[in-house]
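Trainee: Can you look at this prediction? I've put the sequence above it.
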Amino acid sequence: MTVMSVIVAVSNGTLPSLAARAVAFACIIPSMLPILSAVCGLVLPNVLTVGDGKQFSRIEEAVGAAHAGDTIQVFSSQVGYAKTAVLVRTPGLTIIGMGIVANGMAKKITIDGQGYEYSGSGSVPRAIFQIDPGADGVTIEGFELCGAHNQSHNGAGIRVNQAKQATVSGCDIHGNDMGIMSNGAPGDSQSASDQLYDACAIHENGDTSDPGYNHNLYLGGTSATLRDCEVWGALTGHNVKTRAHFTLLERCYIHDSANREVDCVDAWDTTLPNSNAAIVDCVIAKNPNCQGNRNVINFGAEAGQHTGRLWLVNVTVLTPFLSPVVQLTATSSSVVFTDTIVVNTHQAHPVLVGASNGALLSSAAGNANWFSTGYDLAGTSIDSDSRYSGTGQHDDLGIRAPFFVPRTDPAWHPVAGSYVDGDGITRLAGRLALGSVGRPRKPE
C-alpha cells in the first residue's frame, strides 16, 4: 500500500474505522505499528516460537498463549516433542514445523505420540493436533506425525472436529491408528466445510487389534479436498474412507491398501442433493497381494442413503483383480467415467461396475475412456465407442506404477471433463479442460 493510496482511502471513507486506518498507516511507517496498536486497542497477529532457546518449549504452551490469526513456528528440539497433544480452539492459527535440511534432504519436525492415550475425553484430544469447533481457518504445516493411539483404536495424527476451512499441508502422517479424521456436527450443513489436505504423505496407518475399522483417512463433514497427496498402505482398512457431503480427490497417487482404495459412504447429509465425489487427475493402483476387499472404489451407503454421483475424470486405474473397479451401493448412486484409463492384464473378464443395495448398472455412464479389452460394458450407459476394443488382454498402454505416461493409442480420443460439486456447481476438470498435458503422475 502506497502513501497516496492510503490518503485517498482515508479521504473517501473506504478505511472507515480507526483500527483500519492504523493498519494502513503502519504499512507506510512500520515503526509506528506498536504505538498505533496501543492507541487503537488493536490486536495484531504475532509470531510465536517453540523449541530450544525459543519463547516456548512445548507446542501446547504456545497454542494456549496464541490469539486469533497468530503464527506458531516450531523449531527442532534436542528433547523432541514426545507425547504432544494439541487441542486447538483459537481460530486462524498457523502452526508450522520449521524443518531443517540435513545431507541435502529436508527433514520435518517430528512429533511422536507413542505412550500417550489420545482418548478424546474432556480436554484430551483424540489426535496429536485436534481442531475443535469455532477454530476456523487453522493451518497445520510441515510435521511428521506418528504414534497416536488409544484404547478405542482411533487415535489420529490430525482430527478436524467440526472446524471450517482447516488446512493440513506438507505433512508426513504414518504409524497412527488413523492418519486423518474429520467430522461435522449432525444437522449443520456447513460444519467442517472446506477442509484441505495438501501435498501430504499419508501412509501405513491402522491397528491390527481392530482390523477394518481404521484408515489412512476417515473424513466427514460438509466438504473435503485431498490434493497433491500420496496415500498408501492402509494397514487394515481403506486408504480413503469418506462420509463427507462432498469429497474431491485431485492429483493424488492412492495405492496398496489392505482393503478399498476409496470408500465413499453415507452420513446424515448424504441424503441431501449433490452429495457427490470427484476423483480428478489421480492414479489409483491395487496391491496385487491384497487379501481384503479387492474393489477399487465404493460409492454408496452402508446403512443409510447416498443421493449423489461419483465422477472419475482423467484417472488411471491399475488392478489385477476380477472385483469391480467401482461398486455402487445405494439406490440413488451413480458414476461417470471421463477420459479415464482402466488397466487389467490379469483377468479375462473383470468387472468394471458392480451394483447392489438397489443401485442400477445403467447408472454408470461416460465417454472418451480406455478400458482393457476384458471389461464388459453391457447394461451400462457408458459409450462403447470410446473404448479401443482392438487390444489384446495383456495390452497395458505401457503403464507401470508409479510411472504413468501411456503410449499413444490412435483409437482413443480424450475429451475435456467436468464434475458437479456439493453446491451443485459444475466445475471443469481434467487435462484437456485445464490445458495440462499427459496423464497424472505420482506427486513428488
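Mentor: Received the coordinates, thanks.
Trainee: Just checking the distance from stretch 154-167 to the centre of its chain.
Mentor: 11 Å (C-alpha atoms, centre = their mean, to the nearest Å).
Trainee: got it, and stretch 228-247?
Mentor: 8 Å.
Trainee: what's the span of it, first residue to last?
Mentor: Length of stretch 228-247, first residue to last, C-alpha to C-alpha, to the nearest Å: 14 Å.
Trainee: Could I get the full set of helices for this protein?
Mentor: 3-12, 18-28, 33-40, 59-65, 431-434 (DSSP state H).
Trainee: mind listing the strands in the stretch 51-200 of the chain by residue range?
Mentor: Along the stretch 51-200 of the chain, counting by DSSP state E, counting those that start in this stretch, strands occupy 71-74, 86-88, 94-97, 100-102, 105-107, 109-112, 127-131, 139-141, 143-146, 156-161, 167-169, 172-174, 178-183, 195-198.
Trainee: Among those strands, which comes closest to Ala359?
Mentor: strand 178-183 (26.0 Å; C-beta to C-beta). In short, each C-beta sits where N, CA and C put it, glycine included.
Trainee: what ranges of the chain fall below the confidence cut-off?
Mentor: With pLDDT under 70 as the threshold, the chain has low-confidence stretches at 1-44, 385-393, 396-413, 431-444.
Trainee: Show me the domain layout of it.
Mentor: 1-44, 53-434 (automatic domain parsing).
Trainee: chain center to the longest one: distance?
Mentor: If I follow you right, that is domain 53-434. 5 Å.
Trainee: For the residue nearest the centre of the chain, give me its contacts.
Mentor: Compute the mean C-alpha point of the chain, and by C-alpha atoms, centre = their mean the closest residue is Leu226, 2.4 Å away. Leu226 makes contact with 197, 217, 240, 247-250, 252, according to C-beta atoms under 8 Å, 6 or more residues apart in numbering.
Trainee: ranking the domains of the chain by burial, who's on top?
Mentor: domain 53-434 (a mean of 20; mean count of other C-beta atoms under 10 Å).
Trainee: Asp256 and Ala285 touch, don't they?
Mentor: Yes - using C-beta atoms under 8 Å, Asp256 is in contact with Ala285, at 6.9 Å.
Trainee: And the contacts of stretch 110-127?
Mentor: Contacts of stretch 110-127 (C-beta under 8 Å, 6+ apart): 59, 80-87, 128, 130, 143-152, 154-159, 161, 176, 178, 181.
Trainee: Export only the CA atoms of it, formatted as PDB.
Mentor: What follows is stretch 110-127, C-alpha atoms only, in PDB (Å, rounded to 0.1, in the frame of the first residue of the first chain):
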ATOM      1  CA  THR A 110       8.700 -35.000  14.200                       C
ATOM      2  CA  ILE A 111       6.000 -35.400  16.800                       C
ATOM      3  CA  ASP A 112       5.800 -38.900  18.200                       C
ATOM      4  CA  GLY A 113       2.700 -39.600  20.300                       C
ATOM      5  CA  GLN A 114       3.800 -43.100  21.400                       C
ATOM      6  CA  GLY A 115       2.800 -43.800  25.000                       C
ATOM      7  CA  TYR A 116       0.100 -41.100  25.200                       C
ATOM      8  CA  GLU A 117      -3.600 -42.100  25.500                       C
ATOM      9  CA  TYR A 118      -5.400 -39.900  22.900                       C
ATOM     10  CA  SER A 119      -8.700 -40.600  24.400                       C
ATOM     11  CA  GLY A 120     -10.800 -37.700  23.200                       C
ATOM     12  CA  SER A 121     -12.300 -37.400  26.700                       C
ATOM     13  CA  GLY A 122     -12.800 -33.900  28.100                       C
ATOM     14  CA  SER A 123      -9.800 -31.700  27.300                       C
ATOM     15  CA  VAL A 124      -7.800 -34.600  26.000                       C
ATOM     16  CA  PRO A 125      -7.700 -34.600  22.200                       C
ATOM     17  CA  ARG A 126      -8.200 -37.700  20.100                       C
ATOM     18  CA  ALA A 127      -5.200 -36.700  17.900                       C
END
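Trainee: nearest residue to Thr242 other than its sequence neighbours?
Mentor: Spatial nearest neighbour of Thr242, excluding adjacent residues (C-beta to C-beta, 6 or more residues apart in numbering): Leu219 at 4.2 Å.
Trainee: if we can go back for a sec, in the contacts of Leu226, find the pair that's most separated.
Mentor: Pairwise over the contacts of Leu226, using C-beta to C-beta, the maximum falls at Leu217 and Glu250, 14.0 Å.
Trainee: from what I can see Cys264 touches Phe246, true?
Mentor: No - the criterion here is C-beta under 8 Å, and Cys264 misses it with Phe246 at 10.1 Å.
Trainee: Now do the shared contacts for those two.
Mentor: Ala277.
Trainee: Any chance of JSON lines for the strands of the stretch 51-200 of the chain, columns distance to Glu302?
Mentor: Shown next, in JSON lines, are these (distance: least, C-beta to C-beta, whole Å):
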{"stretch": "strand 71-74", "distance to Glu302": "38"}
{"stretch": "strand 86-88", "distance to Glu302": "30"}
{"stretch": "strand 94-97", "distance to Glu302": "34"}
{"stretch": "strand 100-102", "distance to Glu302": "44"}
{"stretch": "strand 105-107", "distance to Glu302": "40"}
{"stretch": "strand 109-112", "distance to Glu302": "33"}
{"stretch": "strand 127-131", "distance to Glu302": "24"}
{"stretch": "strand 139-141", "distance to Glu302": "30"}
{"stretch": "strand 143-146", "distance to Glu302": "28"}
{"stretch": "strand 156-161", "distance to Glu302": "21"}
{"stretch": "strand 167-169", "distance to Glu302": "26"}
{"stretch": "strand 172-174", "distance to Glu302": "25"}
{"stretch": "strand 178-183", "distance to Glu302": "16"}
{"stretch": "strand 195-198", "distance to Glu302": "21"}
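Trainee: For Asn289, find the nearest of those.
Mentor: strand 172-174 (19.8 Å).
Trainee: quick one: contacts of that closest one?
Mentor: Counting by C-beta under 8 Å, 6+ apart, 108, 143-146, 157-158, 179-180, 200-205 sit against strand 172-174.
Trainee: try it again with 10 Å
Mentor: 108, 110, 128, 142-148, 156-158, 179-180, 197, 200-205, 216-217, 229-233, 235 (C-beta atoms under 10 Å, 6 or more residues apart in numbering).
Trainee: and that strand, which strands flank it?
Mentor: strand 143-146 (parallel), strand 201-203 (parallel) (DSSP bridges).
Trainee: need the contact list for Asn150.
Mentor: 113, 116-121, 124, 126-127, 156, 176-178, 207.
Trainee: Please identify the nearest residue in space to it, excluding sequence neighbours.
Mentor: Closest to Asn150 by C-beta to C-beta, 6+ apart is Tyr118, at 4.7 Å.
Trainee: gap between that neighbour and Gln130?
Mentor: 8 Å (C-beta to C-beta, to the nearest Å).
Trainee: any common contacting residues for the two?
Mentor: 85, 124, 156, 159.
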